[in-house]
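Colleague: Please work out how this folds:
(2 chains)
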Amino acid sequence: MLIGFVVNPVAGMGGAIGLKGTDGAVEEAKQQGAVPVAPGRARMLLSLITPGVHTFLTAGGPMGEELFAEAGISAEVVYIPDGAETTGEDTRRACRAFVNRGCGLILFCGGDGTARDVFAVAGDTTPLLGVPSGVKMYSGIFAATPAAAADCINRLEEAVMTDAEVMDIDEVAYRDGRLAVTLTGIARSPALTGHLPSSKWATDTRHEARAQAEIARFITDIMRRDTLYLIGAGSTTAAVIQALGEEGTLLGIDAVFDGDIIARDLNEVGILQLLDKYPRVQAVVSPIGAQGFVLGRGTQQFSPVVVERIGPENFIVIATEAKLSRTSALYLDVGDPEISARFPDSLPVVCGYAMARRMPLIR
Amino acid sequence: MPLSPSYNPQTKEPIGPADLAPIFASELIRQEVSTERYIDIPSEVRDILTLWRPSPLYRARRLEKLLKTPAKIFYKYEGVSPPGSHKPNTAIAQAYYNMKDGIERIATETGAGQWGSSLAFATQLFDMECKVYMVRGSYDQKPYRKMMMQCWGADCIASPSPETNAGRAMLEKDPETSGSLGMAISEAVEDAASHTNTNYSLGWVLNHVCLHQSVIGLETLEQLKMAGEETADFVIGCAGGGSNFAGLAFPFIREKMAGRMPACQFIATEPSACPTLTKGLYAYDYGDVAGYTPIMQMYTLGHGFVPPSIHAGGLRYHGMAPLVSLLHHEGLVDAVSCHQNEVFAAAVAFCRSEGIIVAPESAHAIKTVMDVAAECSRTGDAKTIVFNCSGHGNFDLSSYEAYFAGALPDYEYPADLIAASLKDLPVIH
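Modeller: From the prediction side, this is the model:
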């Protein structure tokens, strides 16, 4: 496969000095003595890549060229950054060059900021895989480690293409101590599911859309009458709306009652108004991002008040097998420890028709 | 406690011998509806069974020591048969009765491959052909079972297959399905009905299958006495379609019902991913996906349910033997369900103490045995536990590999969600 590889050379610099991100703060990080993290991660990755399996494209200098040379792996440079200090714009331009050359996958070293830049070009057409090297990595497109990313690249023909969330963090707010994570898009990303011992078994989960449709068919079959359903966000929950014959809001929360969509892309106030009107409610949610947050990241509409009104027992969690293979547990951060404590220690996650996997829930 | 009648899937009338005649041997039909307490094993079948029967009953002393339990644990080991499980007990008898009827070819289905390899073994002993529809998930995962069938001369193909109408319809609906036993049964039944001189053979669920397996329990009762035990407190087996559980338990249930073992408890263990007895409905349902089989009263998760691809492929069945179902419904048989990781943990503990690498199906029984033994440790009761170690797992090592790699998902049936949705069904008075 033709793979584009780009490194954000300054990614991760802010972490060790507590900057919580390097977007617009490279100079400050440097002055405080921060050293780049991404090049080391990229070296680790390249040292584990099996040579000769794939063909690589990359960007000039510290954005990839130098690292490939060090590793002794050939790569064609298709973009050269202008100045000595690279920016997000350089990442985007490099990715545009990769896409123009018809690459089948973009591999990148960076954090959520880099992911956002890569996704801005690749969208949901060119698959992405992140090598974790940033300060914040909430997006679901990151492999767990550089070694895991290398393993995935070396065994790409065994990988399952999954939908993975790209998250956007307000860094100014974050440095202020406030976590404001929003879901900005759904990318495609390869994952090794691990638990399927033969290639044929992998066909059970090879097609994400098929798996999502199975889940959606089950959820629509067990939907109760006279019950308000709050559904979102993500591609798996959008598949539920699609199974009802409607278009769902990919990045937001929709409301369904007796099989019909009655509201789209709801905010907290909109949800509370519906809760006043409909006494019986269930919420259908899906884990979001690299950590598998069922609540508290990317869906701020499910505020503490909303979660309290719905009730922990009325949340149905859904996710494809491929998605679940990326995380060993689910996470919850409702924003109110008392409400979080009312959730059980583990949850059944619906992953097929009348099929669930029990996953530990970490608060 | 009469067994409810089964119904013809087309006419919806109670099924009689004539309905079964197109695909079953006459003596097997007679046995299916027989109310006789004992039916003799023909001498030709006994001659073959003596290759490995009586199978050994072991006292699991090392496991007891490992568990620090006062309980006495005995296990009947059926893995000593040539195909490595309890399945030949009925395969030999079924092949024999079909041979007596002049049948030259038998079609069947198999999940993990234990039944298919057993019938392949049995049919070649009587110079018959054998066609096996093997659930695709297992077919791909367990190539050595497939080769065993080949060694014994059977033709084994993955189900659903393009060779039958039922298979083609299923492939059209879902070309990448991993298959299920319900699907494979549909194919085998169709094969038998559409080929000359071909009968169908089922390795579980049906009454005559449970009858042939009861040799396990009858031997165990005798062997326990030889070991100085007059009674058992717990009789435990895994349950997929119910026949290995029935084989061990039924002779003990006879003893209990006769008042000779009043305290004996019976526990069937099933996977949480396919919890037919623990979460299913006691209702009339088809035995297969396509609706070719008789409609039977049993515990069921619905004939359209395709269980997740757990490694205990032999326990992936939506229904349960009507006899076992009735006994559970009447409160004589308890049921528990387990996740596959805890099941494999029990299997590893067993092989490291007793030496035998068991089949994932049998490991379900071991998990329950260990739970009961742990309770004995807590109470100090020296209970006698007997379980059916129904087969070895020498062809299931990839499953053990997945367990050691921490790559086994714990599937479960979302029973609460389904029960909640059923609450809204309209009530007609």
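
Colleague: tell me the pLDDT at residue 100?
Modeller: Went with chain A since none was named. What the model reports as pLDDT for residue A:100 is 96.

Colleague: wait, chain B
Modeller: For residue B:100, pLDDT reads 97.

Colleague: now the one 4 residues further on
Modeller: Turning to residue B:104, the model gives it a pLDDT of 97.

Colleague: do the same with residue B:66
Modeller: 97.

Colleague: give me the element it is part of.
Modeller: Residue B:66 belongs to helix B:61-67 when assigned by DSSP states H and E.

Colleague: now do residue B:98
Modeller: Going by DSSP H and E, residue B:98 is part of helix B:88-100.

Colleague: One more: residue B:133?
Modeller: Going by DSSP H and E, residue B:133 is part of strand B:129-135.

Colleague: quick one: that strand to helix B:88-100, angle?
Modeller: Counting by axes from the mean of the first three to the mean of the last three C-alpha atoms, to 10 degrees, strand B:129-135 lies at 140 degrees to helix B:88-100.

Colleague: where does chain A have low pLDDT?
Modeller: A:13-27, A:29-30, A:33, A:171-180, A:193-207, A:290 (pLDDT under 70).

Colleague: What are the boundaries of the helices in it?
Modeller: Taking DSSP state H to define them, one finds helices in chain A at A:26-31, A:38-48, A:65-71, A:88-100, A:112-122, A:146-154, A:171-175, A:199-206, A:208-222, A:235-243, A:268-277, A:304-310, A:321-324, A:337-341.

Colleague: What is the burial count for residue 188?
Modeller: You didn't pick a chain, so chain A it is. Using other C-beta atoms under 10 Å in any protein chain shown, residue A:188 has 20 other residues around it. Placement of C-beta: from N, CA and C, glycine included.

Colleague: nope, chain B
Modeller: For residue B:188, the count of nearby residues is 28 (other C-beta under 10 Å).

Colleague: Of all the helices of chain A, which one comes closest to residue B:58?
Modeller: When the helices of chain A are ranked by proximity to residue B:58, the top entry is helix A:199-206, at 34.0 Å, counting by C-beta to C-beta.

Colleague: if I look at residue A:216, how far off is residue A:182?
Modeller: To residue A:182, residue A:216 is 24 Å away according to C-beta to C-beta, to the nearest Å.

Colleague: which one of these two has more residues nearby?
Modeller: Neighbours of residue A:216 and residue A:182, each counted by other C-beta under 10 Å, are more numerous for residue A:216; the result is 24 against 15.

Colleague: Going C-terminal from the helix or strand harbouring residue B:188, what's the next secondary structure element?
Modeller: Residue B:188 is part of helix B:181-194 when elements are defined by DSSP H and E. Using DSSP H and E, the helix or strand that follows helix B:181-194 in sequence is strand B:198-200.

Colleague: Quickly list the domain ranges of the chain.
Modeller: Because you didn't say which chain, this covers chain A. Taking automatic domain parsing as the reference, chain A has its domains at A:2-192, A:203-362.

Colleague: The chain in question should be chain B.
Modeller: B:50-84+B:208-415, B:88-202.

Colleague: thinking again about what came up before, could the domains of chain A go into CSV alongside distance to residue B:261?
Modeller: CSV is the format used below for these (distance: least, C-beta to C-beta, whole Å):
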stretch, distance to residue B:261
domain A:2-192, 52
domain A:203-362, 36
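
Colleague: Distance from stretch B:85-97 to the middle of the chain?
Modeller: With C-alpha atoms, centre = their mean, to the nearest Å as the basis, stretch B:85-97 stands 13 Å off its chain's centre.

Colleague: buried residues in that stretch?
Modeller: Within stretch B:85-97, the residues that qualify as buried by neighbour count (16 or more other C-beta atoms under 10 Å in any protein chain shown) are B:85-97.

Colleague: for stretch A:312-322, same thing?
Modeller: In stretch A:312-322, counting by 16+ other C-beta under 10 Å, buried: A:312, A:314, A:315, A:316, A:317, A:318, A:319, A:320, A:321, A:322.
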